[in-house]
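> Sequence and predicted model, in that order:
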Amino acid sequence: QVELVESGGGLVQAGGSRTLSCALSGRTFSNYAMGWFRQAPGKDREFVAGISRSGGSSRYPDSVKGRFTISRDNTKNTVSLRMNSLKPEDTAVYYCAADRTYRPAITTTPSSYDYWGQGTQVTVSS
């Protein structure tokens, strides 16, 4: 059984930075494309970053492009999300997710991901 555990959330001032990490256990990490999502109260879960199995390609929505960077270390079974220039509207619970299906492109659809972490809260104060 795949388990994902996120860490790194917390309170940060607007304009600041934060790095989230997610560790996968139970299966071979390099078999999964990975994604980060977030969900603010009353809103749908939103895709914020995705990375291919090799780490050679990534994808971001316009809302975070240039500010967030996803990376992975297949030797440590971890995926990270570096968040810079944080804004109050980035406040949300952040989730990592694993996609076991081989696709032509990184998917942004939450239902396409097979495994999810428990989430970590990021709060950006103004």
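Yes, it's here. Numbers count the residues shown, from 1 in each chain.
> List the contacts of the residue nearest the centre of the chain.
Taking CA atoms, centre = their mean, the centroid of the chain lies closest to W36, which sits 2.0 Å from it. Residues near W36 by CB atoms under 8 Å, 6 or more residues apart in numbering: 20, 22, 47-50, 68, 70, 79, 81, 94-97. Placement of C-beta: from N, CA and C, glycine included.
> So it belongs to a strand, correct?
Yes: if the criterion is DSSP: H, G, I helix; E, B strand; the rest coil, then W36 is within a strand.
> State the pLDDT value of it.
pLDDT for W36: 98.
> List the beta-bridge partners for it.
For W36, the beta-bridge partners under DSSP bridges are A49, C96.
> Let's see the ChimeraX selection covering just the buried ones among the contacts of W36.
Provided next is the ChimeraX selection string for whichever of those are buried by 16 or more other CB atoms under 10 Å:
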select :20,22,47,48,49,50,68,70,79,81,94,95,96,97
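> Let me have the contacts of W36 in CSV, extended by distance to T120.
Shown next, in CSV, are the contacts of W36 (distance: CB to CB, whole Å):
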residue, distance to T120
L20, 6
C22, 9
F47, 16
V48, 13
A49, 14
G50, 18
F68, 15
I70, 15
V79, 13
L81, 10
Y94, 5
Y95, 8
C96, 9
A97, 13
